[in-house]
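Enquirer: curious how this folds, go ahead:
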Amino acid sequence: MASTHFEAVPELASDADATGRDLIVMKFGGTSVGSTQKIKDVARRLVAAREAGRRVVGVLSAMGDTTDELIRLAHEVSPHPHPREYDMLVSVGERISNSLCAMAIRDQGHEAVSLTGSQAGIVTDTSHSKAKIVEVRARRLHQELDRDRIVLVAGFQGVSTDLEVTTLGRGGSDATAVALAAALGGACEIYTDVEGVFTADPRIVPDALKLATISYEEMLEMAATGARVMMARSIEIARSYGVPLHVRAAHGDTEGTWIREEANLVLEKAIISGVTHDTAEAKATVLSVPDQPGVAARVFRALADAGVNIDMIVQNVSAQGATDISFTLPKTDLPAAEPILEMLAKEIGAAGVAYDDDVAKVSLIGAGMKSHPGVAADMFEALADAGINIEIISTSSIRVSCVVRASEVERAVQAIHERFRGYAEERVNA
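Expert: Below you'll find the model as predicted:
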């Protein structure tokens, strides 16, 4: 059976056989397997899918806070854990939950086998703690499925091209599940502690609406702008290989949210899909930068080479031959960015660098907005009516984002959601 490449080739290799249409990959997060009783509940759900005639692959995260505890142990032993040994350690949690679930499935009268990421054929690059999947060699998976077994795969991990254990970083179990669905030709269900994708965070907007469907592009924008339901990397794999995704609650049988191609959705009137927010960003401003060709490129190339992720950028109008450049970046990247920016400011003759970690981003997303003028104006008016000042604006064809004070971000989400609630209701009822 041919393997499935992800970054190596532009199209999915023909790895799934005809039975792939009946295959489902079911992924369960840490809170869903936080106790042995919850693992037994997950086992029953996997068995139910098998008894309904599906070929079943389960991907379980580590139990509850297991990974956090392993990380704590690593840093107690060493202030700077060796990357290889760190991955060897933190990959253990997923193996525990998957093997326990296999035991529970066998006690319910069904055959099951638990596999590590390497046994499942998940090949990654050589970056420890943030590896990317480059290939899925699915031969072992097909063999186990052909034996009528429920296959459980430890998420969040793989084996590098150098034959070392690697972990995939944040959202790694989701990435594992979607990659397996792409390789095997099935759909992917993501079971979590929420019922699906909502038009806003229900903790901030209690009457937020659950979406029945959303496009890959919209979900990518929502993930990139603060929605925590799924990580962007998983959506990117799903979009590249046409994997239908279903986000739903781990306990209960309510329908969740389907993530699929935009062409399959009714979007003519459905302008808005949601309002997201992100409080994990900071703002940096390089002051009085000489307004000369190549200066901005020099600043952002140095940051890129250091692995600093830049989000929103604004450059002021030049005055007296100088300009300010402001941009947002993850707060976690500030320690790496600060020495680089201080050095660059001196080299290019800037007046200095100012930092602000008391900011947040609020975004409005919707595939329908690209054909409806006035959406941005309505959003800005909603913020103005709430007395909220906008510091930076960034747009794409299906998104408008604004940087505001962190203390005002919840009011910003509420004000924007209220202004566009009618459109959100049209979306839900479409």
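
Enquirer: pull out the buried residues from stretch 420-427.
Expert: For stretch 420-427, burial by neighbour count (16 or more other Cβ atoms under 10 Å) applies to 420-421, 423-424, 426-427. For every residue, glycine as well, the C-beta is placed using N, CA and C.

Enquirer: ok, those vs Q108, which is closest?
Expert: Using Cβ to Cβ, R427 comes nearest to Q108 of the buried residues of stretch 420-427, at 39.9 Å.

Enquirer: for that closest one, which three-state class applies?
Expert: At R427 the chain is in helix, as set by DSSP: H, G, I helix; E, B strand; the rest coil.

Enquirer: what's it in contact with, if anything?
Expert: 199, 209, 211, 270-273, 366, 368 (Cβ atoms under 8 Å, 6 or more residues apart in numbering).

Enquirer: now for the residues you listed, which pair is the farthest apart?
Expert: Largest separation among the contacts of R427 by Cβ to Cβ: L209 and G368, giving 15.4 Å.

Enquirer: more neighbours: which of those two?
Expert: Taking other Cβ atoms under 10 Å, L209 and G368 do not tie; G368 has more neighbours (23 against 18).

Enquirer: give me the distance between that one and V413.
Expert: Distance, G368 to V413, using Cβ to Cβ, to the nearest Å: 20 Å.

Enquirer: SS state for G169?
Expert: coil.

Enquirer: show me the helices in the chain, by range?
Expert: Applying DSSP state H to the chain gives helices spanning 36-51, 66-77, 83-90, 92-107, 139-146, 172-184, 216-224, 232-241, 295-305, 334-348, 375-385, 409-419, 421-429.

Enquirer: which stretch among those helices comes nearest V25?
Expert: With Cβ to Cβ as the measure, helix 172-184 is the member of these nearest V25 (4.3 Å).

Enquirer: keeping just the C-alphas, turn that closest one into CSV.
Expert: Extracted in CSV, the C-alpha atoms of helix 172-184 (Å, rounded to 0.1, in the frame of the first residue of the first chain):
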residue,chain,number,x,y,z
GLY,A,172,-0.7,17.8,17.7
SER,A,173,-3.4,15.2,18.4
ASP,A,174,-5.8,17.0,16.1
ALA,A,175,-3.1,17.0,13.4
THR,A,176,-2.5,13.3,13.9
ALA,A,177,-6.2,12.5,13.5
VAL,A,178,-6.7,14.6,10.4
ALA,A,179,-3.5,13.3,8.8
LEU,A,180,-4.8,9.7,9.4
ALA,A,181,-8.1,10.5,7.9
ALA,A,182,-6.4,12.0,4.8
ALA,A,183,-4.2,8.9,4.5
LEU,A,184,-7.0,6.4,4.9
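
Enquirer: return the residues in contact with the residue nearest to D324 when sequence neighbours are not counted.
Expert: Spatially, and ignoring its direct neighbours in sequence, D324 is nearest to N316 (4.6 Å; Cβ to Cβ, 6 or more residues apart in numbering). By Cβ under 8 Å, 6+ apart, the residues touching N316 are 323-326.

Enquirer: residue closest to the middle of this protein?
Expert: M231 (0.5 Å; Cα atoms, centre = their mean).

Enquirer: check the spacing between that one and S394 real quick.
Expert: 20 Å.

Enquirer: what do you get for R44?
Expert: 46 Å.

Enquirer: ok, those two, which is more surrounded?
Expert: Remark: of R44 and S394, S394 carries more neighbours, 18 against 13, as counted by other Cβ under 10 Å.

Enquirer: identify the residues contacting that one.
Expert: Contacts of S394 by Cβ under 8 Å, 6+ apart are 311-314, 400-402.

Enquirer: tell me the bridge partners for it.
Expert: S401 (DSSP bridges).

Enquirer: check I214 too.
Expert: I259.

Enquirer: count of residues packed around it?
Expert: 29.

Enquirer: that one touches S273, doesn't it?
Expert: Yes: counting by Cβ atoms under 8 Å, I214 does reach S273; the two are 5.5 Å apart.

Enquirer: any shared contact partners between these two?
Expert: M222.

Enquirer: residue contacts, S160?
Expert: S160 touches 123-126, 131, 166, counting by Cβ under 8 Å, 6+ apart.

Enquirer: circling back: JSON lines for the contacts of S394, including pLDDT?
Expert: JSON lines is the format used below for the contacts of S394 (pLDDT from 0 to 100):
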{"residue": "D311", "pLDDT": "89"}
{"residue": "M312", "pLDDT": "90"}
{"residue": "I313", "pLDDT": "90"}
{"residue": "V314", "pLDDT": "88"}
{"residue": "V400", "pLDDT": "93"}
{"residue": "S401", "pLDDT": "94"}
{"residue": "C402", "pLDDT": "95"}
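
Enquirer: among these, which two are most distant?
Expert: It's I313 and V400 that sit farthest apart of the contacts of S394, by Cβ to Cβ, at 15.5 Å.

Enquirer: more neighbours: which of these two?
Expert: More crowded of I313 and V400, by other Cβ under 10 Å: V400, with 21 against 14.

Enquirer: dump the residue contacts of the more buried one.
Expert: 363-364, 369, 375-376, 379, 393-394.

Enquirer: ok, the residues you listed vs V247, which is closest?
Expert: Closest to V247, out of all of those and judged by Cβ to Cβ, is S363, at 18.9 Å.

Enquirer: ok, that closest one - contacts?
Expert: Shown in contact with S363 (Cβ under 8 Å, 6+ apart): 221-222, 225-226, 275-278, 399-402.

Enquirer: could you check how far it is from M379?
Expert: S363 is 9 Å from M379, by Cβ to Cβ.

Enquirer: quick revisit: out of the contacts of S160, the closest to A74 would be?
Expert: T166 (15.6 Å).

Enquirer: burial of that closest one, as a residue count?
Expert: Around T166 there are 32 residues (other Cβ under 10 Å).

Enquirer: so where is this protein shaky, pLDDT-wise?
Expert: In the predicted model, the chain carries pLDDT under 70 at residues 1-21, 262-270, 318-319, 430.

Enquirer: got the end-to-end distance for stretch 103-123?
Expert: Terminal residues of stretch 103-123 are spaced 26 Å apart (Cα to Cα, to the nearest Å).

Enquirer: tell me how many other residues surround E418.
Expert: Neighbour number of E418 under other Cβ under 10 Å is 17.

Enquirer: ok, it touching D385?
Expert: No: distance between E418 and D385: 9.8 Å, which falls outside the contact criterion (Cβ under 8 Å).

Enquirer: coming back round to it: now tabulate the buried residues of stretch 420-427 in a markdown table and tack on distance to P81.
Expert: Shown next, in a markdown table, are those (distance: Cβ to Cβ, whole Å):
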| residue | distance to P81 |
| --- | --- |
| F420 | 46 |
| R421 | 48 |
| Y423 | 48 |
| A424 | 45 |
| E426 | 51 |
| R427 | 46 |
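
Enquirer: perfect, that will be all.
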